[in-house]
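Student: sequence and predicted structure below; questions after.
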Amino acid sequence: MSEFRRFFRCWRALRAFKRLPDACRHIVIYSESSQDWHHHEKLIRHLTDVLGKVVCYVSSDETDPGLTQDSASILPFYIGTGLFRIIFFQTLQADVMLTQLLDLDNLDLKRSVHPVHYIHMFHSMVSTHMADRADSYDHYDTILCAGPHHEKEIRKRESLHNLQPKQLVEHGYARLEQLIDERREPPEPDGQNIHVLLAPSWGDQSILNLYGENLTGILLDAGFQLTLRPHFQTRWNTPDVIDRIVARFGDHAQFTLVEQMGESDSLYDSHVMITDWSGAGIDYGLGLEKPVLYIDVPPKSRNATYRELGIEPFESRIRESIGVVLAPEKIATAPAVIRELLVDPQQFREQVRSLRQESVCNLGCSATAGAIAVARIANEVADGA
């Protein structure tokens, strides 16, 4: 689509949204990208199909599946990422907005000049206080918590900084439930028939940027099948890192590159994941019940004061419970560590299942819990409660 056509599509969508009767703007769901849909979908289905609600689904990604749903109860609006999105946020008239957007009111996307109740839903199990800015969650009215750690962290920050207490809801994590439901067992590893998924986070301190070419060579030389699944931000920010690895190993029979974010086969068919601080490692370990090898690069942090809470971040605390942490100077030993991780898969599964039960809210029924909470809050706002 040309920029000219995209401009007018967004303009028409904004006008159409504003012309809706108030009753149709009861619940608005905002999505930054098509990746949000698999987090939103089941909750939306419960709102529309079970609770009989109409929702406005507003997205900044024209490829978002939520914009093409065959449902009279899902009203789609594409508003792009530019001027019309800013206007949409600043002038929004609705009872509730549900979103996975971070940093509401901190950057260019502000709370509306009209009274709107903002609900944040997590798209990861990682903690609130290290990977994100200190105030990333301060301007929401309600938080749908994926796990008990989110509630603990948010309440501690509110107490330390005398913030207005938010409404915290035990919600859960839909992505984890999806992985549990859809997982399949890969072929039994026999010491050589081992499929490794290399799926790091992004940035100058990620393992792909620091050690990617060396690590890829070590794993292939060990006889492993290797799938490289770089973060999409790596392709945008440092594409040469990926290109160098592909130029050297792209013709290797055991090497595969996956850059489609919606692809799942590499998750299901691999035996072990290698990552650093990516939230994908938590999903892999807790959801697919398979081990994770963490290369111990410096933590990704956008909050220099995260230690003030006195709470170890979930993504740090869980690492040795779902895998092994390996120092970068010991990368050459990665093949031996991987073989050791795969010795007793049944014991690992039992350990993970116990950990999962205590770490995730409403496991298996998060959509129901989240939808009921959103509908209740929307009704209370509409009634002036």
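Tutor: Alright, I've got the coordinates. Numbers count the residues shown, from 1 in each chain.

Student: in three-state terms, label the residue positioned nearest the centre of the chain for me.
Tutor: Nearest to the mean C-alpha position of the chain, counting by CA atoms, centre = their mean, stands His123 at 3.4 Å. What DSSP: H, G, I helix; E, B strand; the rest coil gives for His123 is coil.

Student: ditto for Leu210
Tutor: helix.

Student: gap between the closest residue to it other than its chain neighbours and Leu215?
Tutor: Counting by CB to CB, 6 or more residues apart in numbering, Val297 is the residue found nearest to Leu210 once chain neighbours are left out, at 6.2 Å. (Glycine included, C-beta is placed from N, CA and C.) Going from Val297 to Leu215 by CB to CB, to the nearest Å gives 12 Å.

Student: any residues in contact with both of the two?
Tutor: Ile207 (CB atoms under 8 Å, 6 or more residues apart in numbering).

Student: more neighbours: the two, which one.
Tutor: Between Val297 and Leu215, counted using other CB atoms under 10 Å, the more crowded position is Leu215 (24 against 19).

Student: so how far is His271 from the more buried one?
Tutor: Counting by CB to CB, the gap from Leu215 to His271 is 17 Å.

Student: check Ala382 too.
Tutor: 51 Å.

Student: and Ile338, by the same measure?
Tutor: 8 Å.

Student: swap in Pro328?
Tutor: 22 Å.

Student: which one of the two is surrounded by more residues?
Tutor: The neighbour count for Pro328 versus His271, taken as other CB under 10 Å, is higher for His271 (22 against 15).

Student: who's in contact with that one?
Tutor: 186, 189, 194-196, 290, 342.

Student: now the residues you listed: which count as buried?
Tutor: Neighbour counting with 16 or more other CB atoms under 10 Å marks 186, 189, 194-196, 290, 342 as buried within the contacts of His271.

Student: take the residues you listed and keep only those in strands.
Tutor: 195-196 (DSSP state E).

Student: could I get the buried ones among the contacts of His271 as CSV with distance to Phe314 and pLDDT?
Tutor: Formatted as CSV, these follow (distance: CB to CB, whole Å; pLDDT from 0 to 100):
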residue, distance to Phe314, pLDDT
Pro186, 27, 84
Pro189, 29, 78
Ile194, 28, 95
His195, 27, 96
Val196, 25, 97
Lys290, 19, 95
Leu342, 25, 93
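
Student: with just CA atoms, put the helix-or-strand element of the chain with minimal mean pLDDT into CSV.
Tutor: Ranking every helix and strand in the chain by mean pLDDT, DSSP states H and E puts helix 232-237 at the bottom, with a mean of 84. Extracted in CSV, the C-alpha atoms of helix 232-237 (Å, rounded to 0.1, in the frame of the first residue of the first chain):
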residue,chain,number,x,y,z
PHE,A,232,13.0,-9.2,14.5
GLN,A,233,14.7,-6.2,16.0
THR,A,234,18.1,-7.7,15.1
ARG,A,235,17.1,-7.7,11.4
TRP,A,236,16.1,-4.0,11.8
ASN,A,237,19.0,-2.7,13.9
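
Student: which elements pack onto whichever helix or strand comes after it?
Tutor: As assigned by DSSP states H and E, the chain's next helix or strand after helix 232-237 is helix 239-249. The helices and strands touching helix 239-249, judged by 3 or more CB pairs under 8 Å, 6 or more residues apart in numbering; DSSP states H and E, are helix 207-221, helix 232-237, strand 255-257.

Student: let's see 7 Å
Tutor: helix 207-221, helix 232-237 (3 or more CB pairs under 7 Å, 6 or more residues apart in numbering; DSSP states H and E).

Student: now do it and helix 207-221, the angle between them.
Tutor: 10 degrees (axes from the mean of the first three to the mean of the last three CA atoms, to 10 degrees).

Student: where do the helices of this protein begin and end?
Tutor: With helices called from DSSP state H, the chain shows them at 3-18, 37-45, 83-91, 148-161, 174-182, 207-221, 232-237, 239-249, 265-269, 280-288, 314-317, 334-341, 345-359, 366-382.

Student: adding distance to Tyr57, write these out as a markdown table.
Tutor: Shown next, in a markdown table, are those (distance: least, CB to CB, whole Å):
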| stretch | distance to Tyr57 |
| --- | --- |
| helix 3-18 | 11 |
| helix 37-45 | 7 |
| helix 83-91 | 13 |
| helix 148-161 | 25 |
| helix 174-182 | 16 |
| helix 207-221 | 34 |
| helix 232-237 | 22 |
| helix 239-249 | 32 |
| helix 265-269 | 26 |
| helix 280-288 | 24 |
| helix 314-317 | 30 |
| helix 334-341 | 41 |
| helix 345-359 | 30 |
| helix 366-382 | 13 |
